[in-house]
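Peer 1: the following comprises the amino acid sequence and a computationally predicted model.
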Amino acid sequence: MKVISIQVPPAVEHRPANQLRIAGVTRFTTIDFPGFLSAVVFLKGCPWKCLYCQNPELQLKEFSENEEAVSWDYLENFLKKRIGLIDGVVFSGGEPLTDPALYEAVQTAKKLGYKIGLHTAGMYPHQLREILPFLDWVGLDIKAPLLERDLYEKVVGKRVHIEKVEESLDDLLESGIPFEVRTTAHPDYLSEEQLLALAMQLKERGVREYALQIYREPPMHTQEHPLPRVGSDYPSNEVLKQLESSFDKFTLRRP
């Protein structure tokens, strides 16, 4: 008799919302949650070290002696006072799905009547799947063509299970939740041909909204060797036209 091995997804750890690792709060923004006035909650912890990272201090889960955490009490009280004044709460990072308290925090914000947004790179599909029922919008970072593992690892600075990113993308497509795929690009690691290859892969999977974010120089203190500034000729107008024609909504974001 043939024995069939069934892989059971690992259990996702949950912690109380008051253990959320909050590094900072943007009290009001019009750009981080399309169509809604919102607050952004930045959480500590990210397994990757992307070439273009603007906030490397958020990569570590623990706070250093020079950092001061934002308390959950502060955030909860702030959200209660802003009911009716802002529409949504975006959980960002770092990589917010690394935080075991995110699930409870999202539920709390949802019960207060807020729409919930999430910024993620998609490397934790099990955690994403758990909170999908509470999400109203997702910004999914995809770093490079999904078939180019070496390039992906160059961009993020670590070994990558691209299959997990693809799993998160597929779950979002199946969920029906509005989401945007975005890519931060620099010609030193993403050629125009690679940009188009990624766009075609996303289009074939069914992605309808795509944003190209041109590399922005990080603060001087955050990186020893930042990439050179990107000229206005990258990508070319021809490539931009091809990207625009490939999606229902295409957004170009320059520094």
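Peer 2: Yep, that arrived. Just so you know, these numbers come straight off a predicted model, no measurement behind them.
Peer 1: thought L128 was touching D170?
Peer 2: No: with contacts counted by C-beta atoms under 8 Å, L128 stays clear of D170, the gap being 10.9 Å. Using the backbone N, CA and C atoms, a C-beta is placed for each residue, glycine as well.
Peer 1: just for the stretch 151-255 of the chain, where's the confidence low?
Peer 2: 220-225 (pLDDT under 70).
Peer 1: tell me where it has strands.
Peer 2: Using DSSP state E, counting those that start in this stretch, the strands found in the stretch 151-255 of the chain span residues 179-185, 209-214, 249-253.
Peer 1: just those: most buried one?
Peer 2: strand 179-185 (a mean of 22; mean count of other C-beta atoms under 10 Å).
Peer 1: who does the residue positioned nearest the centre of the chain bridge with?
Peer 2: Closest residue to the average C-alpha location of the chain: T120 at 2.5 Å, with C-alpha atoms, centre = their mean. Counting by DSSP bridges, T120 is bridged to L140.
Peer 1: isn't it up against G139?
Peer 2: Yes: between T120 and G139 a contact is recorded at 7.5 Å, counting by C-beta under 8 Å.
Peer 1: distance-wise, check the residue nearest to the centre of the chain relative to L75.
Peer 2: For T120, the distance to L75 equals 19 Å [C-beta to C-beta, to the nearest Å].
Peer 1: quick one: residues contacting the residue nearest to the centre of the chain.
Peer 2: Contact analysis of T120 by C-beta atoms under 8 Å, 6 or more residues apart in numbering lists G93, E95, P96, L97, L128, V138, G139, L140, D141, S168.
Peer 1: again, 10 Å this time
Peer 2: 91-93, 95-98, 127-128, 131, 138-141, 165, 168, 172, 179 (C-beta atoms under 10 Å, 6 or more residues apart in numbering).
Peer 1: ok so, going back, give me the common contacts of T120 and G139.
Peer 2: In contact with both T120 and G139: S92, F179, using C-beta under 10 Å, 6+ apart.
Peer 1: per-residue pLDDT of N66, please?
Peer 2: Looking at N66, its pLDDT is 85.
Peer 1: and for it, the neighbour number?
Peer 2: By the measure other C-beta atoms under 10 Å, the count of residues near N66 is 6.
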